[in-house]
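Peer 1: Quick one, what's the 3D model for this:
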Amino acid sequence: MTDLIHHIAIQDDWEMSRAFGEYVVSTRGVHLDDAGFIHATTADRLDSVVATRFGDLSLPLLDIAIRQEGLASEGIGVEWLDGHPRILGALPMTSEVVASETPIPR
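Peer 2: This next block holds a predicted model:
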């Protein structure tokens, strides 16, 4: 298994979070406080997540590649449920945690 997991972010949500230094959106329209975790996925499931969860949305999206080791060093756990990762806290927007921010072609 690779160290990277992925989160699909609405670009505006991601950019607005920069001022705070952390990202707290669980998934489309759901805050971390409401869900208790941030949804993530594996690289092989990115297309499926984009199609099922964001397919009707025309806003720009980003694939946020996240280092599990970076999360662990920040004291943030990753829980795996049925092969799907869940980030158990706010996502620090640091280079140690965020490996890349890639626009998703639509």
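Peer 1: residue contacts, residue 96?
Peer 2: 67, 70, 73-74 (C-beta atoms under 8 Å, 6 or more residues apart in numbering). C-betas here are computed from N, CA, C, even on glycine.
Peer 1: Which of these fall within helices?
Peer 2: Using DSSP state H, the members of those that fall within helices are 70, 73.
Peer 1: Closest one to residue 44 out of the contacts of residue 96, please.
Peer 2: residue 67 (17.8 Å; C-beta to C-beta).
Peer 1: The closest one against residue 40, yeah?
Peer 2: No: the criterion here is C-beta atoms under 8 Å, and residue 67 misses it with residue 40 at 11.8 Å.
Peer 1: which of these two has more neighbours?
Peer 2: Ranked by neighbour count (other C-beta atoms under 10 Å), residue 67 and residue 40 place residue 40 first, with 26 against 19.
Peer 1: What's the local residue count around the nearest residue to residue 94 once chain neighbours are set aside?
Peer 2: In space, and not counting its chain neighbours, residue 94 is closest to residue 70: 7.3 Å by C-beta to C-beta, 6 or more residues apart in numbering. By other C-beta under 10 Å, the residues close to residue 70 number 19.
Peer 1: Same check on residue 68?
Peer 2: For residue 68, using other C-beta under 10 Å, the count is 19.
Peer 1: So which residues of the protein form strands?
Peer 2: In the chain, the strands defined using DSSP state E lie at 4-10, 22-23, 25-27, 30-31, 38-39, 61-67, 78-81, 84-87, 91-92, 98-103.
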